[in-house]
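A.B. asks: no FASTA, just this:
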């Protein structure tokens, strides 16, 4: 049985525990049930109080029975709440900002979320390097990582490796790209 089947059994059908096969009973996970039920704002307080008993102290059948008895009958839609994913920043960008603010890389990732793009561009310009093709490609990656959208102006008949690389980097990072010829 899936988590959805178990939630449906507890909230809609209220099936007695003994009616499930031994195999189905083994698949009941109080931790997953608590996690899923806590997504519902009407149930969160019940789940919060009960979870310290539900995991490890009580048998799964007791957890199931308690939820069947205490929770109201009826179908519910609970949107799964995902944890926030860390933004991925270019390693060189993190190094530059970390050196600039003289802080750890973890703090730098927090700062990057707070710095506006203009300030970030100024900092990057301060730490410009010797002219080298390699650095231009790194710069293109940084430009793509700090942009919401990349707009490239490429005149017809001109091959612009730098602009094309910035476009490639932006597409890799899932950014919008607009090319104007």
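C.D. replies: It's in. Bear in mind the structure is a predicted one, so any value in this text is a computation, not a measurement.
A.B. asks: domains for this protein, by residue range?
C.D. replies: If you go by automatic domain parsing, the domain ranges for the chain are 3-70, 84-128, 132-181.
A.B. asks: Next, format those as JSON lines and append mean neighbour count and mean pLDDT.
C.D. replies: Placement of C-beta: from N, CA and C, glycine included. Formatted as JSON lines, the domains of the chain follow (neighbours: other CB atoms under 10 Å; pLDDT from 0 to 100):
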{"stretch": "domain 3-70", "mean neighbour count": "15", "mean pLDDT": "90"}
{"stretch": "domain 84-128", "mean neighbour count": "13", "mean pLDDT": "77"}
{"stretch": "domain 132-181", "mean neighbour count": "14", "mean pLDDT": "80"}
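A.B. asks: among these, which is nearest residue 77?
C.D. replies: domain 3-70 (8.8 Å; CB to CB).
A.B. asks: in this protein, which spans are helices?
C.D. replies: Remark: helices assigned in the chain by DSSP state H are 3-8, 22-26, 30-37, 44-54, 60-70, 91-101, 105-114, 117-126, 133-146, 161-172.
A.B. asks: Out of these, the one nearest residue 76 is which?
C.D. replies: helix 3-8 (7.5 Å).
A.B. asks: elements contacting that closest one?
C.D. replies: If you count contacts as 3 or more CB pairs under 8 Å, 6 or more residues apart in numbering; DSSP states H and E, helix 3-8 packs onto helix 30-37.
A.B. asks: by contact count, what packs against the helix it packs on?
C.D. replies: In terms of contacts (3+ CB pairs under 8 Å, 6+ apart), helix 30-37 is packed against helix 3-8, helix 44-54, helix 60-70.
A.B. asks: can you state the direction angle for it and helix 60-70?
C.D. replies: Counting by axes from the mean of the first three to the mean of the last three CA atoms, to 10 degrees, helix 30-37 points 30 degrees away from the direction of helix 60-70.
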